[in-house]
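> Got a predicted structure plus its sequence, pasted below:
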Amino acid sequence: MAKNGNISASVIKRLPRYYRFLGELDKQGVERISSRELSEKMKLTASQIRQDLNCFGGFGQQGYGYHVQSLREEIGHILGVDKEYPTILIGAGNLGKAIALHINFETRGCRLVGIFDANPRLTGETVGSIAIRHTDEIEGFCNSEHPVIAVLCIPKANTQAIADKLVGLGIRSFWNFSHYDLSIDHKGIEVENVHLGDSLLTLTYRTNQMPEGPAE
Ligand code: NAI
């Protein structure tokens, strides 16, 4: 049983990666794995892995390692993948469409139930199996479907206003791509701001640190 009440934020950040690696091992039919083997695959130290996974108690056993399937299930449970949070996406432009089509919401505890855009020319167009609705319909939709997560793929300038409105309509969590670091002054609201460009910058930083010349 997980002691998941007080897992630190840094461990939580690593959990999706553990979940993904364990899923791949499970698919390959691997039943158990030692912290050393897992550390080689994940490029973390074995002690970091033991420390992280100790949070869940009872999985790593001396001389046995981790039972891949049970550990994956437990981490999945902590991450909430066994939930079905109704989710809406706002902004069906290039990014919004790509996310709606390429992110597997179902395997991540979410169900994409609605897509909205302020541009009336997009109304009725389908993305995957979902028809884009005009933003005028958001209120009625939220009142009947009760979505709890919103994915924001709209320009920076429009983000805070729409987020505030959505909080009033019952949205509790925001996956925010809008290049605006959303802050919500309401208790009990979660925001995950995503900037793909930041990830590229960490790569350019590491590229900057490389010695000149060809790779070994
Ligand atoms: P886009 O212009 O193709 O699409 C934006 C869509 O949002 C349009 O269809 C527009 O009608 C709609 N929209 C604008 N205001 C709205 C509102 N208040 N309510 C509902 N819909 C609204 O732009 P694209 O390429 O899809 O990018 C969207 C945003 O995401 C941009 O602000 C861009 O800078 C940002 N972005 C962020 C990334 C990240 O890593 N966080 C990566 C790429 C883009």
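In hand now; what should we look at? Remember, it's a predicted structure, so these values are computed and weren't measured experimentally.

> Can you dump the C-alpha atoms of stretch 209-216 in CSV for me?
Once side chains and other backbone atoms are set aside, the C-alpha atoms of stretch 209-216 remain, and they are given as CSV (Å, rounded to 0.1, in the frame of the first residue of the first chain):
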residue,chain,number,x,y,z
GLN,A,209,28.8,22.7,-22.5
MET,A,210,30.1,20.2,-25.0
PRO,A,211,33.7,20.1,-26.0
GLU,A,212,34.3,21.1,-29.6
GLY,A,213,34.8,18.3,-32.1
PRO,A,214,33.1,15.1,-33.1
ALA,A,215,31.3,12.9,-30.5
GLU,A,216,33.3,9.8,-29.3
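
> State the mean pLDDT of it.
Within the predicted structure, the mean pLDDT of stretch 209-216 is 83.

> Distance from the chain centre to it, please.
Averaging C-alpha coordinates over stretch 209-216 and over its chain gives two centres that are 34 Å apart (C-alpha atoms, centre = their mean, to the nearest Å).

> go on, stretch 166-185?
How far stretch 166-185 lies from its chain's middle: 14 Å, per C-alpha atoms, centre = their mean.

> quick one: contacts of that stretch?
Judged by C-beta atoms under 8 Å, 6 or more residues apart in numbering, the contacts made with stretch 166-185 from elsewhere in the structure are 85, 88, 90-91, 95, 99, 138-139, 142-143, 146-160, 163-164, 186, 188-195. (Each C-beta comes from the backbone N, C-alpha and C, glycine too.)
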